[in-house]
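Undergrad: Take a look and give me a structure for this.
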Amino acid sequence: MKIQEWWHWLWNPPVDGPRATLFPRLMAGGVFLWEGIMKFVYPNLGVGRFTKLGFPFPGPTADFVAWVEVIGGILFILGWITRPVAIAFIIEMIVAILSTKISVYFGTSPLGMPVSPPKIGLGAVLHDIRSDYAQIMTSTFLLLAGPGRLSLDAKTSKKYVPVLKTSRFAAVAALLLLITGGVHAFMSSSAGASTPAVVADAYEQGRKAVKQKDYKTASQYFRTAQQEQPNNPDVLNMLALSERKQGHLDEAFEYYQKALALKPRFPEAREYLAEAHLQAAIVELRTLKGYGAEGKEEVKELVEEFKDAANGL
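TA: Next comes the predicted model:
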């Protein structure tokens, strides 16, 4: 297929399909639309999810995907620019499947395991993939069969409007709007614009993970919050705690010092910093004990220092 023929195919889908094609458009477009909106309203479905999955720049990536879903969903419902939108959604669904379902198969999903069987393997993947499968099949159907008679693509086709330039200009304008929305999301996040809702949600999710002693997940949430508000002492304190619990003492000390520099009268951070020093001392004590007879005297002296310090409180 030549480039000109492909371009004509892309912007001129068949529009003689049944009026009932409106219902698959409402189904797929509606789901994309409200899922995109919820990525903005509920950060755990947006930046939190992308953080867990390990996407680079989770904030701007989540915002971009949300814009694609909101604008693309509206276009699907209207039956306008159907084929470009369908291609975008098919690509999105393929990425979603590859980024989430492989780990489901092996039982290593960062999003957590299902609460009931099947929890891993092919059965878990087939159960978890049902929504993605429905969306990608519907998008493929609309890509090939077109949006049907009850659509803006039909109203702006050559059959209805002799001159197609206006339609194509509007289509290009809509795609530019889609790209602009994504770029705006990226620039606002990259510029360090703080989003209180994102920070609050990530912070609370991180504290929940700490209570569950899932410190790796907690650290991911606190890092997401820190990206949005790098000078938030509460976030820095909890990030230090989650790193300390994983044995990353150097990182923990760095974040504790930053938190205390921003908020010197911070009792919780002072307590956690003292615990970090105690943890570091215990690490050194165990190292000395590993020297055997060579470090026996030093071990004894260090233990006495611990006792003297405790008695002096």
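Undergrad: show me what contacts the closest residue in space to Val283 that isn't next to it in sequence?
TA: Take Val283 and drop its neighbours on the chain: the residue closest to it by CB to CB, 6 or more residues apart in numbering is Leu249, 7.4 Å away. Where you see a C-beta, it was placed from the backbone N, CA and C, and this is true even at glycine. Listed by CB atoms under 8 Å, 6 or more residues apart in numbering, the contact set of Leu249 reads 243, 276, 279-280, 283.
Undergrad: Could you double-check that Gly48 sits in contact with Tyr203?
TA: No. In this structure Gly48 lies outside contact range of Tyr203 using CB atoms under 8 Å: 10.7 Å.
Undergrad: list residues touching both of the two?
TA: By CB under 8 Å, 6+ apart, Gly48 and Tyr203 have these common neighbours: Tyr221.
Undergrad: okay, now the closest residue to Ile97 other than its chain neighbours: neighbour count?
TA: Excluding the flanking residues, the one nearest Ile97 by CB to CB, 6+ apart is Asp132, at 5.4 Å. Each residue near Asp132 was counted by other CB atoms under 10 Å, and the total is 16.
Undergrad: ok, Asp132 to Ser139 distance?
TA: 11 Å (CB to CB, to the nearest Å).
Undergrad: any common contacting residues for those two?
TA: Met93.
Undergrad: circling back: what pLDDT does the model give the residue nearest to Val283?
TA: Leu249 is assigned 91 on the pLDDT scale.
Undergrad: any idea how far Asp308 is from Lys289?
TA: Relative to Lys289, and taking CB to CB, Asp308 is found at 19 Å.
Undergrad: Which one of those two is surrounded by more residues?
TA: Comparing Asp308 with Lys289 by neighbour count (other CB under 10 Å), the higher total belongs to Lys289, at 13 against 9.
Undergrad: so who does the more buried one touch?
TA: Contacts of Lys289 by CB under 8 Å, 6+ apart are 295, 299.
Undergrad: Contact partners for Val125?
TA: With the criterion set at CB under 8 Å, 6+ apart, Val125 makes contact with 101, 104-105.
Undergrad: do the same with Tyr256
TA: Tyr256 sits next to 236-237, 240, 269, 272-273, 276 when contact means CB under 8 Å, 6+ apart.
Undergrad: farthest pair in these?
TA: Taking CB to CB, the two most distant members of the contacts of Tyr256 are Leu236 and Ala276; they sit 13.2 Å apart.
Undergrad: ok, those two, which is more surrounded?
TA: Between Leu236 and Ala276, Leu236 has the larger neighbour count (other CB under 10 Å), namely 27 against 19.
Undergrad: Next SSE downstream of whichever strand or helix holds the more buried one?
TA: Element membership of Leu236, judged by DSSP states H and E, is helix 233-245. The C-terminal neighbour of helix 233-245 among helices and strands, as given by DSSP H and E, is helix 249-262.
Undergrad: Could you tell me which residues within that next one count as buried?
TA: Across helix 249-262, burial judged by 16 or more other CB atoms under 10 Å covers 249, 251-253, 255-256, 258-260.
Undergrad: and the angle from it to helix 233-245?
TA: Orientation check (axes from the mean of the first three to the mean of the last three CA atoms, to 10 degrees): helix 249-262 against helix 233-245 gives 160 degrees.
Undergrad: Can I get helix 249-262 in PDB, CA atoms only?
TA: The C-alpha trace of helix 249-262 is given here as PDB (Å, rounded to 0.1, in the frame of the first residue of the first chain):
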ATOM      1  CA  LEU A 249      21.200   3.400  55.800                       C
ATOM      2  CA  ASP A 250      23.100   5.900  53.700                       C
ATOM      3  CA  GLU A 251      19.900   7.000  51.900                       C
ATOM      4  CA  ALA A 252      18.000   7.000  55.100                       C
ATOM      5  CA  PHE A 253      20.500   9.400  56.800                       C
ATOM      6  CA  GLU A 254      20.400  11.700  53.800                       C
ATOM      7  CA  TYR A 255      16.600  12.000  53.800                       C
ATOM      8  CA  TYR A 256      16.500  12.400  57.600                       C
ATOM      9  CA  GLN A 257      18.900  15.300  57.500                       C
ATOM     10  CA  LYS A 258      17.000  16.900  54.700                       C
ATOM     11  CA  ALA A 259      13.700  16.600  56.700                       C
ATOM     12  CA  LEU A 260      15.300  18.000  59.800                       C
ATOM     13  CA  ALA A 261      16.900  20.900  57.900                       C
ATOM     14  CA  LEU A 262      13.400  21.900  56.700                       C
END
